[in-house]
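Trainee: got a predicted model here, sequence first, then my questions.
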Amino acid sequence: ASAGWSGLYHLTGEFNSWDRSSPPFRKAEYKRWEPVLPSMEGKTAIKHGEKVKVLVNGDDRVSPWASYVIQPAKDRQHEEGVAYCQHFWNPPAQDAYVMRHPRPARPASLRVYECHVGISSWEGKVNTYKDFTATVLPRIVKLGYNTVQLMAVMEHAYYGSFGYQVTSFFAPSSRYGTPDDLKALVDTAHSLGLTVLLDVVHSHASKNVVDGLNMWDGSEAGYFHAGERGTHPLWDSRLFNYTLWETLRFLLSNLRLWIEDFGFDGFRFDGVTSMLYHSRGLSGFSGNYTEYFGLNTDTEAVVYLMLANELVKKLLPDQGITVAEDVSGMPALCRPVTEGGTGFDYRLSMAVPDMWIKYLKEVEDDDWSMGHIVHTLANRRWGEKCIGYAESHDQCLVGDKTIAFWLMDKEMYTGMSSLYPMNPVVSRGMSLHKMIRLLVHGLSGEGYLNFMGNEFGHPEWLDFPRVGNGESYHYARRQWNLADDQNLLYRYLNQFDSAMNHLESAHGWLASEPGYVSTKHEDDKVIVFERAGLVFCFNFHPSRSLPDYRIGVEVGGEYQIVLDTDWAELGGHGSRDRQATSHTDSSSKGYNGRRTEMMVYLPARTGAVWRRVGDTSM
């Protein structure tokens, strides 16, 4: 406990037969209060797994620092209620999980696979940490990702909140298993060479009182602002007061717990835009600097984020990674605190998925603007790293659609057999799904992110069990069987994603300088850029193929295709001769801002990557 007088706080539970008049907490350092329980025959008074509650002025509460909380089983809820209850987590030393594997080195190129453990099974159920460890981690490695980002781990009473209405900040969700099961997951990921990030929610908290942080000490404020400033207008959740010592201790120690006890290598901070501004970011941003530096900026939250980033760097020097979910583009957000920045390593390029959905929903293929697409993908500040992604996890939710579903819709139910020729809708969808991903991967950032299942065009939507759908888990799962079925086209999208990631691993374009765009031709629908010594060419035209198309190249020599969205084994039509090479023109005086030029074949709706394989020009 962090406030009040000693008579306010008592501990009760199975250890004392729920005696509500147990001795009160005693005062400790830093305005803290703690219970003192005599040992029994050399053993702790509370046994591992026993239920406990904190009584705050006679009201039942879950300790804010509870490390394991469980909702009563359905057959017990008529007696015990539905609120989560703390179970004292203190396994015997011989049974406690011990981390065995060192953290992997920090990746130079961040290829992130975003995951939700609960929906990670093909079955209609809440999946477990153990099953995820055994079945999903190997998939991630095979696909060529080097980083796992786990969402919905911090305990949340409402499953359908996607993990963003946190009730117990120090407890990993018990839906999926025990704290030791989570430790084993992280440890196994490390053994596979995977960096593990936690999606941490320090921007707000659930309004739950009995099993949450809200009104924990009996006051409206506590860890939060009182009044209107303490409630988010859209999320209906509580907003932290970052000026309070106890709030800072609570949140910073929370980060330390996930790093030191569970082995996480860093964090994706959720809701950063809401934290940065008193308007909660709801007013929109044009890029004018007065929108970032003025009275609307919540400097208290900015200082907290600086402290949080500094803490991660101190606990994990040369290894810790922090990512900001910020749509505003706050300048210096991803520069070191020593420079006056906020200290993040990356921010998410949130405008990119929004752009693709707008194009797929509202713009005909013939009207796609190559210039606008390139500008959106490349629009980031020099020296501030971004993570590009084609679609967000929010787009999977019921009411919206994934890119694959926008492209192919009902044809995904009947037209995805590989035993028959693709119909026009599926052919277009397969082509654009791969092209969009390759373009985003190559041009839009210093990292790349994909939400689980989207790599193979997971059909339908994501909908958590609720009254409105009959508490069904049918849409709260990932149908891996579709990607594994050799008779379905999904496997080609899966194989393309793997090939793309492994090519990046070999050449490291995410860790290189931003791409140089030499062509963005509106009539031809062509985009050409170079990055990390590779040449990326895209023809988005719906029907016009372009033989002997002239492109600019910086380094002369012989070039060969190393990845093609149109390769047959990746679900394409095999339009290009994969053994053919292109030579730069030795007589060229330069083209499109590059030192030399060469001719390439660009079939309609294809993207490809060329690598320099020799010195010979023609």
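Mentor: Cool, the structure landed.

Trainee: please, where are all the strands along the stretch 151-300 of the chain?
Mentor: For the stretch 151-300 of the chain, the strands defined by DSSP state E, counting those that start in this stretch occupy 154-155, 168-172, 195-200, 266-269.

Trainee: can you put those strands in JSON lines and add distance to A332 and mean pLDDT?
Mentor: No exception for glycine: its C-beta is placed from N, CA and C like everyone else's. Shown next, in JSON lines, are the strands of the stretch 151-300 of the chain (distance: least, C-beta to C-beta, whole Å; pLDDT from 0 to 100):
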{"stretch": "strand 154-155", "distance to A332": "28", "mean pLDDT": "98"}
{"stretch": "strand 168-172", "distance to A332": "28", "mean pLDDT": "98"}
{"stretch": "strand 195-200", "distance to A332": "21", "mean pLDDT": "98"}
{"stretch": "strand 266-269", "distance to A332": "16", "mean pLDDT": "98"}
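
Trainee: can you convert those strands into TSV and add a column each for distance to W610 and mean neighbour count?
Mentor: Output for the strands of the stretch 151-300 of the chain, formatted as TSV (distance: least, C-beta to C-beta, whole Å; neighbours: other C-beta atoms under 10 Å):
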stretch	distance to W610	mean neighbour count
strand 154-155	45	26
strand 168-172	46	25
strand 195-200	30	24
strand 266-269	34	26
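
Trainee: now the ones you listed in TSV, with distance to S392?
Mentor: Output for these, formatted as TSV (distance: least, C-beta to C-beta, whole Å):
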stretch	distance to S392
strand 154-155	19
strand 168-172	24
strand 195-200	12
strand 266-269	12
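
Trainee: where in the stretch 251-400 of the chain is pLDDT low?
Mentor: Applying pLDDT under 70 to the stretch 251-400 of the chain flags residues 398-399.

Trainee: C-terminal to the lowest-mean-pLDDT helix or strand in the chain, what's the next element?
Mentor: Ranked by mean pLDDT, DSSP states H and E, the helix or strand of the chain with the weakest confidence is strand 33-34, at a mean of 83. Proceeding N to C from strand 33-34, the next assigned helix or strand is strand 51-56, under DSSP states H and E.

Trainee: right, and the strands of the stretch 151-300 of the chain - which one's nearest V613?
Mentor: Nearest to V613, of all the strands of the stretch 151-300 of the chain, is strand 195-200, at 32.0 Å by C-beta to C-beta.

Trainee: so what does that closest one touch, helix or strand wise?
Mentor: Judged by 3 or more C-beta pairs under 8 Å, 6 or more residues apart in numbering; DSSP states H and E, strand 195-200 is in contact with strand 110-116, strand 147-151, helix 179-191, helix 245-260, strand 266-269, strand 321-324.

Trainee: for the closest residue to S543 other than its chain neighbours, give its distance to S253.
Mentor: Distance criterion C-beta to C-beta, 6 or more residues apart in numbering; nearest residue to S543, sequence neighbours excluded, is A604 at 5.4 Å. In this view, A604 and S253 are 57 Å apart by C-beta to C-beta, to the nearest Å.

Trainee: looking at these two, which is more packed in?
Mentor: Remark: of A604 and S253, A604 carries more neighbours, 16 against 13, as counted by other C-beta atoms under 10 Å.

Trainee: who's in contact with the more buried one?
Mentor: N539, H541, P542, S543, R544, S545 (C-beta atoms under 8 Å, 6 or more residues apart in numbering).

Trainee: how close does G572 sit to H441?
Mentor: G572 is 17 Å from H441, by C-beta to C-beta.

Trainee: those two - which one has more neighbours?
Mentor: Between G572 and H441, counted using other C-beta under 10 Å, H441 has the larger neighbour count: 25 against 21.

Trainee: got the angle between the strand or helix carrying that one and strand 110-116?
Mentor: With secondary structure defined by DSSP H and E, H441 is part of helix 424-443. Orientation note: helix 424-443 sits at an angle of 130 degrees relative to strand 110-116 (axes from the mean of the first three to the mean of the last three C-alpha atoms, to 10 degrees).

Trainee: what angle sits between the helix or strand just after helix 424-443 and strand 147-151?
Mentor: Toward the C-terminal end, the helix or strand that comes next after helix 424-443 (DSSP H and E) is strand 447-451. Angle of strand 447-451 versus strand 147-151, following the same axes, to 10 degrees, is 50 degrees.

Trainee: moving C-terminal of strand 447-451, what's the next helix or strand?
Mentor: Downstream of strand 447-451 (by DSSP H and E), the next one is helix 480-484.

Trainee: same question for the helix or strand following that next one: list its buried residues.
Mentor: Proceeding N to C from helix 480-484, the next assigned helix or strand is helix 490-507, under DSSP H and E. Using 16 or more other C-beta atoms under 10 Å as the test for burial, helix 490-507 gives 490-501, 503-504, 507.

Trainee: can you list the residues that contact helix 490-507?
Mentor: 109, 111, 142-146, 404, 416, 418, 430, 433-434, 437-438, 441, 448, 450, 455-457, 482-485, 510, 532-534, 562-563, 565, 569-572, 609, 611.

Trainee: show me which of the residues you listed are buried.
Mentor: 109, 111, 143-146, 404, 416, 430, 433-434, 437-438, 441, 448, 450, 455-457, 482-483, 510, 532, 534, 562-563, 565, 570-572, 609, 611.

Trainee: check contacts around the closest residue to N90 other than its chain neighbours.
Mentor: Excluding its sequence neighbours, the residue lying closest to N90 (C-beta to C-beta, 6+ apart) is H48, at 4.8 Å. If you count contacts by C-beta under 8 Å, 6+ apart, H48 has them with F88, W89, N90, P91, P92.

Trainee: which of the three states applies to the fourth one?
Mentor: At P91, secondary structure determined by DSSP: H, G, I helix; E, B strand; the rest coil is coil.

Trainee: what's the burial count for it?
Mentor: 13.

Trainee: next one: the residue nearest to the spatial centre of the chain, what pLDDT does it get?
Mentor: Closest residue to the average C-alpha location of the chain: E114 at 4.4 Å, with C-alpha atoms, centre = their mean. Looking at E114, its pLDDT reads 98.

Trainee: in the sheet, who's paired with it?
Mentor: On the basis of DSSP bridges, E114 is bridged to Q149, F451.

Trainee: packing partners of the least confident helix or strand of the chain?
Mentor: Contacts defined by 3+ C-beta pairs under 8 Å, 6+ apart place strand 33-34 against strand 26-27.

Trainee: which helices and strands sit right next to the strand it packs on?
Mentor: Secondary-structure packing of strand 26-27 (3+ C-beta pairs under 8 Å, 6+ apart): strand 33-34.

Trainee: the strand it packs on pairs with which strands, and in what direction?
Mentor: Applying DSSP bridges, strand 33-34 is found paired with strand 26-27 (antiparallel).

Trainee: the residue nearest to N90 and V609, how far apart?
Mentor: Separation of H48 from V609 (C-beta to C-beta): 55 Å.

Trainee: please identify the most buried of the helices and strands packed on strand 195-200.
Mentor: strand 321-324 (a mean of 27; mean count of other C-beta atoms under 10 Å).

Trainee: in this structure G271 contacts E325, no?
Mentor: Yes - using C-beta atoms under 8 Å, G271 is in contact with E325, at 6.4 Å.

Trainee: what is the nearest of the buried residues of helix 490-507 to F262?
Mentor: Nearest to F262, judged by C-beta to C-beta, of those is N501 at 26.0 Å.

Trainee: now do the buried residues in stretch 206-225.
Mentor: The neighbour-count check on stretch 206-225 (16+ other C-beta under 10 Å) flags 206-217, 221-225 as buried.

Trainee: run the chain-centre distance for it.
Mentor: Chain-centre distance of stretch 206-225: 28 Å, with C-alpha atoms, centre = their mean, to the nearest Å.

Trainee: dump the C-alpha coordinates for that stretch into PDB.
Mentor: Provided in PDB are the C-alpha atoms of stretch 206-225 (Å, rounded to 0.1, in the frame of the first residue of the first chain):
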ATOM      1  CA  SER A 206      -9.000  -0.200 -16.700                       C
ATOM      2  CA  LYS A 207     -11.800   1.400 -14.700                       C
ATOM      3  CA  ASN A 208     -12.300  -1.800 -12.800                       C
ATOM      4  CA  VAL A 209     -12.300  -1.200  -9.000                       C
ATOM      5  CA  VAL A 210     -12.500  -4.600  -7.300                       C
ATOM      6  CA  ASP A 211      -9.800  -6.300  -9.400                       C
ATOM      7  CA  GLY A 212      -8.200  -3.200 -10.900                       C
ATOM      8  CA  LEU A 213      -6.100  -0.200 -10.000                       C
ATOM      9  CA  ASN A 214      -9.000   2.300 -10.100                       C
ATOM     10  CA  MET A 215      -9.900   3.800  -6.700                       C
ATOM     11  CA  TRP A 216      -7.600   1.200  -5.100                       C
ATOM     12  CA  ASP A 217      -7.000   3.400  -2.000                       C
ATOM     13  CA  GLY A 218     -10.600   4.600  -1.900                       C
ATOM     14  CA  SER A 219     -10.000   7.900  -3.700                       C
ATOM     15  CA  GLU A 220     -10.700   8.900  -7.200                       C
ATOM     16  CA  ALA A 221      -7.100  10.000  -7.700                       C
ATOM     17  CA  GLY A 222      -4.600   7.500  -6.200                       C
ATOM     18  CA  TYR A 223      -2.300   6.800  -9.200                       C
ATOM     19  CA  PHE A 224      -4.500   8.900 -11.500                       C
ATOM     20  CA  HIS A 225      -5.600  12.400 -12.100                       C
END
